[in-house]
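Trainee: Model the following, please.
(2 chains)
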There are 2 protein chains.
Amino acid sequence: MLVNTSHPGNIGASARAMKNMGLSNLALVDPEDFPSGVAVGRAASAIDIIESAQIFDSLEAAIADCSLVIGTSARSRKIPWPMLSPEQTAAKVLAEIDRNKVALVFGREDAGLNNDELQLCHYHVQIPTNENYSSLNLAAAVMVISYELRKAFAAESDNSEVKEDGFWDQEKATGEQVEHFYNHLERVMVAIDFHDPENPRQLMQRMRRLFSRIRIDVMEMNILRGILTNIELRIKNKQK
Amino acid sequence: MLVNTSHPGNIGASARAMKNMGLSNLALVDPEDFPSGVAVGRAASAIDIIESAQIFDSLEAAIADCSLVIGTSARSRKIPWPMLSPEQTAAKVLAEIDRNKVALVFGREDAGLNNDELQLCHYHVQIPTNENYSSLNLAAAVMVISYELRKAFAAESDNSEVKEDGFWDQEKATGEQVEHFYNHLERVMVAIDFHDPENPRQLMQRMRRLFSRIRIDVMEMNILRGILTNIELRIKNKQK
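Mentor: Predicted coordinates for the structure are as follows:
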């Protein structure tokens, strides 16, 4: 829900941010310049959200059927109001969305929501900012809140988070394969006069520490063993 | 770090998002239209960030003195790369920022980072999105990552846990040092007949992926370069 927006570009960019994060119901309260080609342009592939946006004369009308209303507020006002972080906002929305209609309200570009509008909200949400420059672009604020909602929904549908091992294209090498590699590496380092087992200077320890920081996969192991073998062959051939 | 940005408005909006979240060092790689009044306009009160932005010809030059490079990627590529969520990205940056220079890299509006650029990164970060519309506006992506950084910094000032890298005994190698290593490695692999640049079979990509997972430190880099040099010497001596 965007209140009294001045610049249609911000409406378009907000629609895009919403769609990117899987949201779809946009309401506009008394927009200054809408419909607008600029809004459509900035919406990119979120035109459907612009086209289906509902338009209201007042915030009161817009939230008439909502039972949870959360409004953005840059700083706490004269009368302190229950405040949420963006994460807490997402948690609240998630807890209610199945049963109640929820409104997230964003104010004017220059002045935010006025006191009457803020008092129509059950909670205020404040996005943490640099104290020296706290004025967020409207679409940037929509992006942050929408992103936290997306994260909360994803976490609820049981961890859609990217896991390192879930998508890797190769099996990890086994401990035995890795030990063979270290032995091979040591033989080659001796052969090229880089390593003296009589005076090891922690070289093998450092190599072990280096390669154990990654979990080498089977194809990488084959490549490294292939390199070592070719070095040995090359040295032998030259000796003939 | 914004790579090859088409629209100067996105540069301005990104600068504003950064300043809102307390960040300040903006680097531009080959921007299409900069300096620009449009960028200044969209930056609002973040003009200082626009004015002090560093400009580079290539991503390689821009990250030369960085030892942790994280690039945004819309989807996983042919060869999967270590992936982070925005939150994990913020945690990584926070853990290193006191000791190492860190780059967060954002690609073109239409096509993101290309494969060569993605391979210059230690990690890729993916912002979770609606599968049906995953194309974020550039400044919106900058906003999300900057916001997670802000949250992580705020959380850190509350607790001071022991961090993984706090006790490491060596500095991490810089991007430039690592590139020299890859070049040297490729020369040696060619010399031992392991690698044919005419028929590369993704070999260098796999080597890059392997070593970028390790985050090599300076002493390890010296050891590996020393090994490569000894292989070369040994091959030459045998040829005499």
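Trainee: Quick one: neighbours of the nearest residue to A:P82 once chain neighbours are set aside, just the number.
Mentor: Of all residues not flanking A:P82 in the chain, A:Y123 sits nearest, at 4.9 Å (Cβ to Cβ, 6 or more residues apart in numbering or on different chains). Quick note: C-beta positions are derived from backbone N, CA and C, even for glycine. Residues near A:Y123, counting by other Cβ atoms under 10 Å in any protein chain shown, number 16.
Trainee: now swap in A:P82 and tell me
Mentor: Residues lying near A:P82 (other Cβ under 10 Å) number 10.
Trainee: follow-up on the earlier one: I'd guessed the residue nearest to A:P82 sits against A:I70; true?
Mentor: Yes: using Cβ atoms under 8 Å, A:Y123 is in contact with A:I70, at 4.8 Å.
Trainee: Need the residues touching each of those two.
Mentor: Common contacts of A:Y123 and A:I70, defined by Cβ atoms under 8 Å, 6 or more residues apart in numbering or on different chains, comprise A:84, A:89, A:92.
Trainee: give the contact list for the last one.
Mentor: Just to be clear, that refers to A:K92. A:K92 neighbours (Cβ under 8 Å, 6+ apart): A:68, A:70, A:84, A:123.
Trainee: one step back: I'd like to know how far the residue nearest to A:P82 sits from chain B.
Mentor: 19 Å (Cβ to the nearest Cβ, to the nearest Å).
Trainee: so what's that residue scoring on pLDDT?
Mentor: On the pLDDT scale, A:Y123 is placed at 88.
Trainee: Same question for the one 3 residues further on.
Mentor: Note on A:Q126: pLDDT of 93.
Trainee: what about it, how many residues close to it?
Mentor: Each residue near A:Q126 was counted by other Cβ under 10 Å, and the total is 16.
Trainee: Assign the residue sitting nearest the centre point of chain A to helix, strand or coil.
Mentor: With distances taken as Cα atoms, centre = their mean, A:Y147 lies nearest the centre of chain A, 6.9 Å away. Following DSSP: H, G, I helix; E, B strand; the rest coil, A:Y147 is assigned to helix.
Trainee: show me what contacts the residue nearest to it when sequence neighbours are not counted?
Mentor: Excluding its sequence neighbours, the residue lying closest to A:Y147 (Cβ to Cβ, 6+ apart) is B:V144, at 5.2 Å. Going by Cβ under 8 Å, 6+ apart, B:V144 touches A:143-144, A:147, B:86, B:127, B:136.
Trainee: B:V144 sits in which helix or strand?
Mentor: Assessed by DSSP states H and E, B:V144 sits inside helix B:138-156.
Trainee: now that helix and helix A:138-156, what's the angle there?
Mentor: Relative orientation of helix B:138-156 versus helix A:138-156 (axes from the mean of the first three to the mean of the last three Cα atoms, to 10 degrees): 60 degrees.
Trainee: Tell me how far the very next helix or strand once past helix B:138-156 lies from the chain's centre.
Mentor: Per DSSP H and E, the first helix or strand lying C-terminal to helix B:138-156 is helix B:175-191. Centroid separation between helix B:175-191 and its chain, computed with Cα atoms, centre = their mean, to the nearest Å, is 18 Å.
Trainee: helices or strands up against the helix or strand following helix B:175-191?
Mentor: Downstream of helix B:175-191, the next assigned helix or strand under DSSP H and E is helix B:203-214. Judged by 3 or more Cβ pairs under 8 Å, 6 or more residues apart in numbering or on different chains; DSSP states H and E, helix B:203-214 is in contact with helix A:218-239, helix B:175-191.
Trainee: give me that answer again for 10 Å
Mentor: When contacts are defined as 3 or more Cβ pairs under 10 Å, 6 or more residues apart in numbering or on different chains; DSSP states H and E, helix B:203-214 packs onto helix A:203-212, helix A:218-239, helix B:115-118, helix B:175-191, helix B:218-239.
Trainee: helices and strands around the helix or strand that the shortest one is followed by, which ones?
Mentor: It refers to helix B:115-118. Downstream of helix B:115-118, the next assigned helix or strand under DSSP H and E is strand B:123-125. Here strand B:123-125 touches strand B:68-72, strand B:83-84, helix B:86-96, strand B:102-105, helix B:138-156, going by 3+ Cβ pairs under 10 Å, 6+ apart.
Trainee: next one: the helix-or-strand element of chain A with minimal mean pLDDT to chain centre, how far?
Mentor: Lowest by mean pLDDT, DSSP states H and E among the helices and strands of chain A is helix A:203-212, with a mean of 84. Per Cα atoms, centre = their mean, the displacement of helix A:203-212 from the mean C-alpha position of its chain is 34 Å.
Trainee: ok, back up a step: can you put the shared contacts of A:Y123 and A:I70 in TSV and add pLDDT?
Mentor: Output for the shared contacts of A:Y123 and A:I70, formatted as TSV (pLDDT from 0 to 100):
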residue	pLDDT
A:L84	91
A:T89	96
A:K92	92
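Trainee: Which one of those is nearest to B:V218?
Mentor: Closest to B:V218 out of these is A:T89 (44.7 Å), distances taken as Cβ to Cβ.
Trainee: Now for that closest one, how many residues are close by?
Mentor: Quick note: A:T89 (other Cβ under 10 Å) scores 25 neighbours.
Trainee: Let me see the contact set for it.
Mentor: A:70, A:72, A:83, A:102, A:104, A:123-127, A:144-145, A:148-149, A:152 (Cβ atoms under 10 Å, 6 or more residues apart in numbering or on different chains).
Trainee: if I look at it, how far off is chain B?
Mentor: According to Cβ to the nearest Cβ, A:T89 and chain B sit 13 Å apart.
Trainee: what about chain A, any weak spots by pLDDT?
Mentor: Scanning chain A with the threshold set as pLDDT under 70 gives A:75-80, A:158-167, A:238-240.
Trainee: and which of the shared contacts of A:Y123 and A:I70 is nearest A:L203?
Mentor: Nearest member of those to A:L203, counting by Cβ to Cβ, is A:T89, at 54.4 Å.
Trainee: burial count for A:I47?
Mentor: A:I47 has 16 nearby residues by other Cβ under 10 Å.
Trainee: I'd assumed A:V40 was in contact with it.
Mentor: Yes: shown here, A:I47 and A:V40 form a contact pair, counting by Cβ atoms under 10 Å, at 5.8 Å.
Trainee: shared neighbours of those two, which are they?
Mentor: A:12, A:15.
Trainee: Assign A:Y133 to helix, strand or coil.
Mentor: coil.
Trainee: who's in contact with it?
Mentor: Per Cβ under 10 Å, 6+ apart, neighbours of A:Y133: B:16, B:18-22, B:44-46, B:48-49.
Trainee: Taking these, tell me the two that lie furthest apart.
Mentor: Within those, B:G22 and B:A44 form the most distant pair, 15.5 Å apart (Cβ to Cβ).
Trainee: Give me the domain ranges for chain A.
Mentor: Listed by automatic domain parsing, the domain ranges of chain A are A:2-156, A:166-239.
Trainee: Kindly reformat these as a markdown table containing distance to B:E109.
Mentor: Output for the domains of chain A, formatted as a markdown table (distance: least, Cβ to Cβ, whole Å):
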| stretch | distance to B:E109 |
| --- | --- |
| domain A:2-156 | 10 |
| domain A:166-239 | 26 |
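Trainee: Can you tell me which of these is packed in deepest?
Mentor: domain A:2-156 (a mean of 19; mean count of other Cβ atoms under 10 Å in any protein chain shown).
Trainee: Now do it: distance to the chain's middle.
Mentor: On Cα atoms, centre = their mean, the centre of domain A:2-156 falls 18 Å from that of its chain.
Trainee: how much space between the closest residue to A:D196 other than its chain neighbours and chain B?
Mentor: Of all residues not flanking A:D196 in the chain, A:V190 sits nearest, at 7.5 Å (Cβ to Cβ, 6+ apart). A:V190 sits 11 Å away from chain B, going by Cβ to the nearest Cβ.
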